[in-house]
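J.: okay, sequence plus prediction incoming.
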Amino acid sequence: MLSAAIAVVLVVLLAKWGDVSFDDVVRVCRRLSVGTMLAAFGVHLAIHALRAQRFRTLIPESERPRYGPTFAAASAHNLAAYVLPAKTGEVALIVYLKSLCGVPNKVGLSSLVVSRLLDFSTLSLALGVASLYLAIFEPDAAPAGILVLALGCIAAAVVLTALAARGDLIVMAVAAVVRLTGLDRTRLGAKLLERSTELGVALRAAAGGRLAVASLQSLAMWLGIFLFYAILARGLGLPDTLSLAHVAIGSGFAVLSNLLPINSFAGFGTQEAGWVLGFGMLGVERELALSTGLGAHVFQLASTVLLGLAGHIAMGFLAKPDANGAARERESG
């Protein structure tokens, strides 16, 4: 409730700043035709399908679940991660994969961590390539500092990809801090070291031999994300002159604000701020950027809720008693 209240305050402040009323947002949303909404939803469904397969790719074959349950769990998890504040819903994937597919917690966590590192890496690469394209081919229309942004994003993509390949380095750094502070001599510190060692092994196993495939899946997924926003941006009234490179930059800042653990309820306020910042850099008027950003966000939320609820319902039908539960039933019988 507090997060929702913060979201409302952020949206109201942005609306005042951008001189956008509720009627403006409704008018923009009415521009979406049925064909546009169906096309955007189809792309969104394909993104969910790719995301589920990437989770499977990053789970070792010995623990890898079937695609159907993974798709249901991933769709349900995406709703929790999108709606709950500060990315607290991310933990839902670990719980769902464990309860539905029997995937150990450390394996589910490793798949999630490497997936998110690949998300940041691919987004950084996309922003870098799109910015570099504008700097080279449209220098007169490109915003100031676009080349610095391009090089910085590409460098960040390289670092994040390296971390995805060697996620255990993050765990090793945490373990080093625990030892330096002397926490390893406490019960909690010793337990943390034990868990971190197990997680480090799981992270290496998640990336080992499958990172290239998962990276290609991430690239396809993010192309779909930018296509999703391009369809909505065009349908909501953003200029036809904006290419996919422009949409990648404009929507990229909006997505980044939702990937970071700073978002409010469903990302309202933070996502719009990123959208206005990104498209504002490209010369889109503040009022138009904010109204279209809100419209795109409302449609994205509706689509995410629909797929997430379907995932939760599917989990209910797919759920089976675990082996221990079945054994206890036999014993009691």
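T.: Noted; the coordinates are in hand. Here the structure is a predicted model, which means the values were calculated and not measured.
J.: would you map the helices across this structure?
T.: 2-18, 22-29, 34-57, 67-83, 91-101, 105-137, 146-165, 168-180, 187-207, 211-236, 244-259, 270-281, 286-318, 323-332 (DSSP state H).
J.: just put those helices in CSV and tack on mean pLDDT.
T.: Listed next are those as CSV, based on pLDDT from 0 to 100:
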stretch, mean pLDDT
helix 2-18, 66
helix 22-29, 73
helix 34-57, 96
helix 67-83, 92
helix 91-101, 91
helix 105-137, 92
helix 146-165, 91
helix 168-180, 70
helix 187-207, 68
helix 211-236, 94
helix 244-259, 87
helix 270-281, 87
helix 286-318, 90
helix 323-332, 38
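J.: I'd like the ones you listed written out as a markdown table, with mean neighbour count added.
T.: Every residue, glycine included, has its C-beta placed from N, CA and C. Conversion of the helices of the chain to a markdown table gives the following (neighbours: other C-beta atoms under 10 Å):
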| stretch | mean neighbour count |
| --- | --- |
| helix 2-18 | 16 |
| helix 22-29 | 15 |
| helix 34-57 | 18 |
| helix 67-83 | 22 |
| helix 91-101 | 20 |
| helix 105-137 | 22 |
| helix 146-165 | 18 |
| helix 168-180 | 15 |
| helix 187-207 | 17 |
| helix 211-236 | 20 |
| helix 244-259 | 23 |
| helix 270-281 | 24 |
| helix 286-318 | 19 |
| helix 323-332 | 9 |
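J.: wait, what's in contact with Leu288?
T.: Contacts for Leu288 (C-beta atoms under 8 Å, 6 or more residues apart in numbering) come out as 237-238.
J.: correction: Val298
T.: 25, 29.
J.: for it, give its distance to Lys106.
T.: Distance, Val298 to Lys106, using C-beta to C-beta, to the nearest Å: 37 Å.
J.: and what of Thr292?
T.: Distance from Thr292 to Lys106, by C-beta to C-beta: 42 Å.
J.: with Leu232 instead?
T.: According to C-beta to C-beta, Leu232 stands 38 Å off from Lys106.
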